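Colleague: I would like to see how this sequence folds:
(2 chains)
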Amino acid sequence: EADIYQTPRYLVIGTGKKITLECSQTMGHDKMYWYQQDPGMELHLIHYSYGVNSTEKGDLSSESTVSRIRTEHFPLTLESARPSHTSQYLCASGGLAGVGSYNEQFFGPGTRLTVL
Amino acid sequence: LAKTTQPISMDSYEGQEVNITCSHNNIATNDYITWYQQFPSQGPRFIIQGYKTKVTNEVASLFIPADRKSSTLSLPRVSLSDTAVYYCLVAVSGGYQKVTFGTGTKLQVIP
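Modeller: Numbering: from 1, shown residues only, chains lettered A, B, ... in the order given. As a prediction, this is how the structure comes out:
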């Protein structure tokens, strides 16, 4: 069973607040990803990790930061939210170990963030 | 990373077979071809993956010619629930590289 969880599913917050979007997976995957997607638009990779203590920037520049202290956990933090951060954020995992084929990414349900 | 090119959108009537072709002219020897499906407000879902010739599963078939510079995703007898965006990705199997989803092909199934 492929299990990847994201919380919260929806978040409405005011400008300047600090927020953390949670992502956890129970599949033992070494690789994890964060994507940003506006409705009807392209999926953009903003962060990825190949394992514990490994984090890299993706294709789309983002003011968010990520950490990977545990294999199963890959939270995304925005220190000061702005209206331009309003979007859907999708977390995914994949890898050689665990569930799925080598190139398969499993996606969470997403967090829809609205910054007022 | 191998760049992929797909049609932006396609329309099809229910019950028809749909073929979506993806071009990847600079595919590398170790690259695999993977297709994903995405419904509105959901994350993409893996459909099928292949290296060469033909791969078939319960959802779709993937045709890859000998030169591997393109691939075709075939969906048999589509239904309204197959309306989604379909992405073609090229990457090394199990490789430690980021992959790009691109714009995908928006398939609209018409009753």
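Colleague: Name the residue of chain A that lies nearest to chain B.
Modeller: Going by C-beta to the nearest C-beta, chain B is nearest to residue A:107 of chain A, at 2.6 Å. Where you see a C-beta, it was placed from the backbone N, CA and C, and this is true even at glycine.
Colleague: Kindly report the residues of chain B close to chain A.
Modeller: Taking C-beta under 8 Å from any C-beta of the partner chain as the measure of proximity, chain B contacts chain A at B:32, B:34, B:36, B:38, B:40-46, B:49, B:87, B:89, B:91, B:93-94, B:96, B:98-104.
Colleague: any idea of the pLDDT on the residue of chain A closest to chain B?
Modeller: Note for residue A:107: predicted pLDDT of 92.
Colleague: what's the answer for the one 5 residues further on, then?
Modeller: According to the per-residue confidence, residue A:112 scores 96 in pLDDT.
Colleague: Would you agree residue A:22 is in contact with residue A:67?
Modeller: No - checked against C-beta atoms under 8 Å, the pair residue A:22 and residue A:67 is beyond contact range at 11.4 Å.
Colleague: Now do the shared contacts for the two.
Modeller: residue A:75 (C-beta atoms under 8 Å, 6 or more residues apart in numbering or on different chains).
Colleague: The residue of chain A closest to chain B pairs with what?
Modeller: residue A:92 (DSSP bridges).
Colleague: quick one, what contacts it?
Modeller: A:4, A:90, A:91, A:92, B:42, B:43, B:44, B:45.
Colleague: Most widely separated two among the residues you listed?
Modeller: Farthest pair in the contacts of residue A:107 (C-beta to C-beta) is A:91 and B:45. Separation: 14.3 Å.
Colleague: Please identify which of the two sits among more neighbours.
Modeller: Neighbours were counted for residue A:91 and for residue B:45 using other C-beta atoms under 10 Å in any protein chain shown; residue A:91 has more, 29 against 16.
Colleague: Apart from its neighbours in sequence, what residue is nearest the more buried one?
Modeller: Nearest non-adjacent residue to residue A:91, counting by C-beta to C-beta, 6 or more residues apart in numbering or on different chains: residue A:23, 3.5 Å away.
Colleague: number of nearby residues for residue B:8?
Modeller: Close neighbours of residue B:8, defined as other C-beta under 10 Å, add up to 9.
Colleague: Model confidence for it, exactly?
Modeller: 94.
Colleague: roughly how far apart are it and residue A:17?
Modeller: Applying C-beta to C-beta, to the nearest Å, the value for residue B:8 to residue A:17 is 37 Å.
Colleague: Find the closest residue to chain A in chain B.
Modeller: At 2.6 Å from chain A, residue B:43 is the closest residue in chain B, using C-beta to the nearest C-beta.
Colleague: residues contacting that residue?
Modeller: Counted by C-beta under 8 Å, 6+ apart, residue B:43 has contacts A:35, A:90, A:92, A:107, A:108, A:109, A:110.
Colleague: go on, residue A:108?
Modeller: A:4, A:5, A:6, A:23, A:25, A:90, A:91, A:92, B:43.
Colleague: Now which of those would you call buried?
Modeller: The neighbour count (16 or more other C-beta atoms under 10 Å in any protein chain shown) marks A:4, A:6, A:23, A:25, A:90, A:91, A:92, B:43 as buried among these.
Colleague: from what I can see, the fifth one looks like it's in a strand, true?
Modeller: Yes - under the criterion used here (DSSP: H, G, I helix; E, B strand; the rest coil), residue A:90 sits inside a strand.
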